[in-house]
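1. sequence first, then the predicted structure, then my questions.
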Amino acid sequence: MVFNTISVGTAVAPTVIETCFSHYLNRKPLRQMPTAHISYHEGVNLIRQFLAYASHHTVEDVQGFTSQWVPSPRWVKVDEITIPQKCLSGAADAVIAQLGHHGVDKVGGEEWWQWRRDGSVLKAEWIEMRRDFDKRKDEKGKRVMLYVHGGAYFFGSVDEHRYQLQRHARKLEARVFARESYHWNGSHRQY
């Protein structure tokens, strides 16, 4: 069974339509709930249906679908960066120091979570609204949001979450720093 934008759209479209009708037909019981807002109600049901549909596909299919490149609108400034190895090592040292000997033993040691394939790099993005960037010019900015997405490190990407990251940046008038959950090796992603 194919897992692409068309098949996912076909699978979730009935849910979107059904939620729209049921939302307006059953407004009274929803008044005191988060689903009182149509966008939230649609979003929750859309994600539920997507997860139900995705559960019938392989992990590789889901990874392929959720790691597609997504363009950002012209009013959003996106700077892609590569995090240097010395910063990764420094961060690992800080985590080890914070955990202490007992904490490191609880997580299974200090090497397994630092392992990377040879030649792999960790990518990240700075995301902010272009007008906010233009306002402050060359300053770094005082508001920064660190975004670490879920997905249990087996699916999902910054591309997949970019829309909500843009909204956070706009609402907070801040820069958002989001790192990829997987490493790049040459020209392709490695999970």
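-> Good, I have the coordinates.
2. low-confidence ranges, the protein, go.
-> Within the chain, the ranges that satisfy pLDDT under 70 run 141, 150-156, 182-191.
3. please redo it, this time with the cut-off set to 50
-> Confidence mapping of the chain against pLDDT under 50 gives the ranges 183-188, 191.
4. what ranges does it have for its helices?
-> Secondary structure of the chain (DSSP state H): helices located at 5-25, 27-30, 38-54, 59-66, 85-106, 130-136, 158-172.
5. hmm, who's touching the fifth one?
-> Yep, that's helix 85-106 we're talking about. With contact meaning C-beta atoms under 8 Å, 6 or more residues apart in numbering, helix 85-106 is reached by V107, E110, Q114, R116, L122. Where C-beta positions appear, they are placed from N, C-alpha and C, glycine not excepted.
6. narrow the residues you listed to those in strands?
-> L122 (DSSP state E).
7. give me the distance between the two termini of stretch 49-58.
-> Its first and final residues considered, stretch 49-58 spans 16 Å by C-alpha to C-alpha, to the nearest Å.
8. in that stretch, what counts as buried?
-> With burial defined by 16 or more other C-beta atoms under 10 Å, the residues of stretch 49-58 counted as buried are Q49, F50, Y53, A54, H57.
9. can you report how many residues neighbour S7?
-> By other C-beta atoms under 10 Å, 14 other residues sit near S7.
10. I'd like to know how far it sits from W113.
-> Using C-beta to C-beta, to the nearest Å, we find S7 at a distance of 35 Å from W113.
11. measure D61 to L30 for me?
-> According to C-beta to C-beta, D61 stands 34 Å off from L30.
12. run through the residues that contact Y24.
-> When contacts are counted by C-beta under 8 Å, 6+ apart, Y24 touches I38.
13. for the one 10 residues further on, same thing?
-> P34 makes contact with Y40, according to C-beta under 8 Å, 6+ apart.
14. my guess is E42 contacts F21. True?
-> No. Assessed by C-beta atoms under 8 Å, E42 is found out of contact with F21, at 11.4 Å.
15. so for stretch 6-16, what gets flagged as buried?
-> Taking 16+ other C-beta under 10 Å as the basis for neighbour counts, the residues of stretch 6-16 that come out buried are V8, A11, V12, T15.
16. which member of the residues you listed is positioned nearest A36?
-> Of all those, the one sitting nearest A36 is T15; the distance, using C-beta to C-beta, is 18.5 Å.
17. just to check, the closest one is in contact with L46?
-> Yes. The pair T15 and L46 qualifies as a contact (C-beta under 8 Å) at a distance of 6.4 Å.
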